[in-house]
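In: my questions concern the predicted model and sequence given below.
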Amino acid sequence: MRIDSEALVASISSLADAQPQHDLAATLQQVVDAAKLLFGAKGPG
Amino acid sequence: MLADEQGQLRWVSATDQDSQLAEDNQELLGQGPCQVAFSQRAPAMMRDARAEPDWGEIGLLFSDVKICAAASAPIELGGGPIGTLDIYAAEPRDWNQSEISALQAYAGVVASLLGSAAQAEVKGRLAEQLQVALRTRVLIEQAKGALMVHQDIDEATAFEWLRLSARSSSRTVNAVAQDILAGRWPPMPDLAAVVGRLAQARRTEQRAHQRAIDLHEQAADQHAQQGREDQA
């Protein structure tokens, strides 16, 4: 599937409120969940 | 996945059990796209686990957890790889350039978030894993540089040398790296094995790349043909 740059920017922007300094595990989970949506994948890790 | 003190990748976070198992299996076998991406510092793609025997046993284990395709990009922090970001698909997938670029962009985001966490000296299991990965990366990068100069070899070969030396002497990659930096050169590993592993990884990567080019040309031909039909 083709990923256009607008979708990529929107996906990465959804991580703007991530706070790795407070909860690293939750932040990484947020990243893999967002990546899963963007790539339409079975799952990232 | 993040590197541990032995320079081996360990899974950190995954969206579901199958993805976690895929990461566990790559960790166990030291095979798969994430291992290639990490050692070669470049994206690695598997199009179809069932049709690419060069990947070795990991292809069979992927099939067991209903994973058919995978793409990995290295996560780099402070000038060296500390882990990988991996994407899995249940069906064969011809990874295109937009997907690879997006994966690399995401890996950059992860690196930035991990960098923030490291600076904030976050506590907890993941934070400890991150600190180990960072310490390991510095030592390994320095030792790789020393090996490259001393043995006149490229970066990927130097990394395989470190891994094989550690494995054959039942020591950590960190310990071997420390020896090298202290001027104690480890016994020369079986270079044929090093070169063989690298050649295998490169062949797989080249085939995936060629497949992507073929598909791109095929799509361009179809597009041109469609244009001609529309004009007629």
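Out: That came through fine.

In: all strands for chain B, in order.
Out: B:2-3, B:9-10, B:44-46, B:69-77, B:80-89 (DSSP state E).

In: for those, which has the smallest mean pLDDT value?
Out: Lowest mean pLDDT of the strands of chain B: strand B:9-10, a mean of 78.

In: packing partners for it?
Out: Applying 3 or more Cβ pairs under 8 Å, 6 or more residues apart in numbering or on different chains; DSSP states H and E, we find strand B:9-10 packed against strand B:2-3, helix B:17-29, helix B:33-40. In short, each C-beta sits where N, CA and C put it, glycine included.

In: please report how far the residue lying closest to B:Leu29 once chain neighbours are set aside lies from B:Ala73.
Out: With sequence-adjacent residues excluded and distances taken as Cβ to Cβ, 6 or more residues apart in numbering or on different chains, B:Leu29 is closest to B:Ile58, at 5.4 Å. As judged by Cβ to Cβ, to the nearest Å, B:Ile58 and B:Ala73 stand 18 Å apart.

In: mind checking which of those two has more residues around it?
Out: Taking other Cβ atoms under 10 Å in any protein chain shown, B:Ile58 and B:Ala73 do not tie; B:Ala73 has more neighbours (29 against 23).

In: looking at it, the more buried one is touching B:Thr84, isn't it?
Out: Yes: counting by Cβ atoms under 8 Å, B:Ala73 does reach B:Thr84; the two are 6.6 Å apart.

In: got any residues that touch both of the two?
Out: Common contacts of B:Ala73 and B:Thr84 (Cβ atoms under 8 Å, 6 or more residues apart in numbering or on different chains): B:37, B:107.

In: around chain B, which positions in chain A sit nearby?
Out: Within chain A, the positions near chain B by Cβ under 8 Å from any Cβ of the partner chain are A:1-4, A:8, A:12, A:15, A:18, A:20-22, A:24-25, A:27-29, A:31-33, A:35-36, A:38-39, A:41-45.

In: tell me which residues in the longest helix seen in chain A are buried?
Out: As assigned by DSSP state H, the longest helix anywhere in chain A is helix A:24-39. For helix A:24-39, burial by neighbour count (16 or more other Cβ atoms under 10 Å in any protein chain shown) applies to A:24, A:27-28, A:30-36, A:38-39.

In: same list (these) but as CSV, adding pLDDT.
Out: As requested, these are exported to CSV (pLDDT from 0 to 100):
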residue, pLDDT
A:Leu24, 86
A:Thr27, 89
A:Leu28, 88
A:Gln30, 90
A:Val31, 89
A:Val32, 87
A:Asp33, 89
A:Ala34, 91
A:Ala35, 90
A:Lys36, 88
A:Leu38, 91
A:Phe39, 90
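
In: farthest-apart pair in these, please.
Out: A:Leu24 and A:Phe39 (22.3 Å; Cβ to Cβ).
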